[in-house]
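Asks: Need coordinates for the following:
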Amino acid sequence: MLRFAGLILIYLVAAGEAMAENGNETVPETIRRPQYGEAPRYPQDTVIGPLGPGDAPEEAFSFAQNLLRGVIAKNQEAPVLAGLGEAFIKNLFETLEPVNPQRYRLGGGREEPDGSTSFLVRFVGREQWITGELFLRFEEDRWILDDLILEEPRDISNSGETYRFDFSPYERFF
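Replies: Numbers count the residues shown, from 1 in each chain. Next up is the predicted model:
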């Protein structure tokens, strides 16, 4: 039986090499690589939805990424956090302390009716995660944080009970 499995493995490797040489690949090159002028493909987070800038301006997305990097680094003196107010920063770090976030996910942004731009965000720690919404406003030729609303932390082990999802067999990459 082991010999048979080894023969199949050798056959599959040889067949894969032959297909690559002839240009017959499982996933065509046109699908794997974005074409000229095509927007980059961002993954999706099953809690906050599609990641990436969404409908928000690219500058707002970049500012939000820098802001969240400063929060994850726990750097209260980061230039991107300057001007937020000591009480706001202290409250933010106290809220995130139980989660101890190691990384973040920044969901697709959108422009709000009042002119601000919002992003869904998820902070992920080892045992807990927390979601929220980040609001940015463009003032005096720069983006500033308008507000960050966070929900209660949740245990990662219970996340399957909260957000049920069914990946349809028709939602395929190709």
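
Asks: CA only for contacts and neighbour counts going forward, please
Replies: Will do.

Asks: Following element in sequence after the longest strand along the chain, please.
Replies: Longest strand in the chain by number of residues (criterion: DSSP state E): strand 128-139. Next helix or strand after strand 128-139 toward the C-terminus (DSSP states H and E): strand 142-150.

Asks: can you give me the angle that next one makes with strand 128-139?
Replies: Angle, strand 142-150 to strand 128-139, by axes from the mean of the first three to the mean of the last three CA atoms, to 10 degrees: 150 degrees.

Asks: ok, strand 142-150: who's next to it in the sheet?
Replies: Strand 142-150 pairs in its sheet with strand 128-139 (antiparallel), by DSSP bridges.

Asks: where does the protein have low pLDDT?
Replies: 1-35, 37-41, 159-174 (pLDDT under 70).

Asks: Could you give the number of residues near residue 62?
Replies: Neighbourhood size, residue 62 [other CA atoms under 10 Å]: 13.

Asks: and what of residue 148?
Replies: 16.

Asks: what's around the closest residue to it other than its chain neighbours, how many residues?
Replies: Spatial nearest neighbour of residue 148, excluding adjacent residues (CA to CA, 6 or more residues apart in numbering): residue 134 at 4.5 Å. Residue 134 has 21 neighbouring residues, counting by other CA under 10 Å.

Asks: What of residue 142?
Replies: So residue 142, with other CA under 10 Å, has 10 neighbours.

Asks: returning to what we had before: name the residues that touch the longest strand of the chain?
Replies: 48, 60, 64, 96, 98-101, 115-124, 143-156 (CA atoms under 8 Å, 6 or more residues apart in numbering).

Asks: Kindly report the same for stretch 87-101.
Replies: Counting by CA under 8 Å, 6+ apart, residues outside stretch 87-101 touching it are 71-72, 74, 76, 81, 123-130, 153.

Asks: of those, closest to residue 54?
Replies: Checking those against residue 54 by CA to CA gives residue 123 as the nearest, at 18.7 Å.

Asks: Next up, the contacts around that closest one.
Replies: Contacts for residue 123 were tallied using CA under 8 Å, 6+ apart; they are 99, 101-105, 129-131.

Asks: List only those of those residues flagged as buried.
Replies: 99, 101, 103-105, 129-131 (16 or more other CA atoms under 10 Å).

Asks: Now for the residues you listed: which two are most distant?
Replies: Greatest spatial distance in the buried ones among the contacts of residue 123: 99 and 105, 14.2 Å, computed using CA to CA.

Asks: ok, back up a step: any chance of the buried ones among the contacts of residue 123 in TSV, plus distance to residue 53?
Replies: Below are these laid out as TSV (distance: CA to CA, whole Å):
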residue	distance to residue 53
99	25
101	21
103	18
104	14
105	12
129	21
130	20
131	17
